[in-house]
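**Q** I would like to see how this sequence folds:
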Amino acid sequence: MTIVNAATMVGMILVEPSGENRIVIAAGALDELTPTHVTAFGPQLAYADIAIVSLEIPVETACAALRVARQAGTRTLLNPAPAHALPDEVWGDIDVITPNRTEAAILLGLGPDSAEPASALAAELHARGAGTVVITLGADGALIHDSSGARTVPRLLWRPHGPSSYPPRHRRHDRSRRHLHRGPRRRARRWSIS
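**A** Numbering: from 1, shown residues only. A predicted model of the protein is given here:
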């Protein structure tokens, strides 16, 4: 599919000193997607194990994607970013929804700075019809609310390894030479890319 007269979507992640992030996008061609485009992808959605949808496309198109996937028997996951109000009829088409605390408040018609606890937000989103609600809480992990109740999970600890974790440039070159006689060239290219 080609969208003419529209640029490709561009997004940037801005990380604050606190570690929190903000994602800034210029939607470009994504703004041009329609429910008709989604319907054309029906066979691909039916073949998928899960359809992951975000609100970086128009809300009516996202809703159509969730509906088409659900009708095909494909599990659905909605990442509601950037958050917008959703029509009532879409909630039953969402198997998993993954808002952060601010997005959850916006989805419920509250202000982004709502003092409502994450557990109450998750319970209300679940009551609207979403199967599993996962509210991401940054450094505090996530709150999961589903038919078996609510629970929290800790954040995943991850440390970037940085450039020093890769083999030095000369060792990468040596490894690529060793692999040339033992295996496919793509294995050699993996080690030779700087």
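
**Q** now the strands for the protein?
**A** Using DSSP state E, the strands of the chain run over 10-15, 21-26, 50-54, 75-79, 96-97, 132-136, 142-146, 149-153.

**Q** Lowest average pLDDT across the ones you listed?
**A** Across these, strand 21-26 has the smallest mean pLDDT, namely a mean of 71.

**Q** Out of the strands of the chain, which one sits most buried?
**A** strand 96-97 (a mean of 23; mean count of other Cβ atoms under 10 Å). For every residue, glycine as well, the C-beta is placed using N, CA and C.

**Q** What's opposite the residue most central in space within the chain in the beta bridge?
**A** Nearest to the geometric centre of the chain sits residue 79, at 5.1 Å (Cα atoms, centre = their mean). Applying DSSP bridges to residue 79 yields these beta-bridge partners: residue 54.

**Q** Check the contact between it and residue 57; I expect there is one.
**A** No: checked against Cβ atoms under 8 Å, the pair residue 79 and residue 57 is beyond contact range at 11.3 Å.

**Q** Mind listing the shared neighbours of the two?
**A** Counting by Cβ atoms under 8 Å, 6 or more residues apart in numbering, residue 79 and residue 57 have no common neighbour.

**Q** Can you pull the domain assignment for this structure?
**A** Taking automatic domain parsing as the reference, the chain has its domains at 1-32, 34-153, 163-192.

**Q** By mean pLDDT, show me the worst of the ones you listed.
**A** Of all these, mean pLDDT reaches its minimum on domain 163-192 (a mean of 47).

**Q** Leaving aside the residues adjacent along the chain, what's closest to residue 48?
**A** Computed as Cβ to Cβ, 6 or more residues apart in numbering, the closest residue to residue 48 that is not its neighbour in sequence is residue 74, at 5.2 Å.

**Q** List the contacts of the one you found.
**A** Residue 74 is in contact with 45, 46, 48, 49, 50, 51, counting by Cβ under 8 Å, 6+ apart.

**Q** still on that earlier bit, of the domains of the chain, flag the one that's most buried.
**A** Ranked by mean neighbour count, the domains of the chain are led by domain 34-153 with a mean of 17 (mean count of other Cβ under 10 Å).
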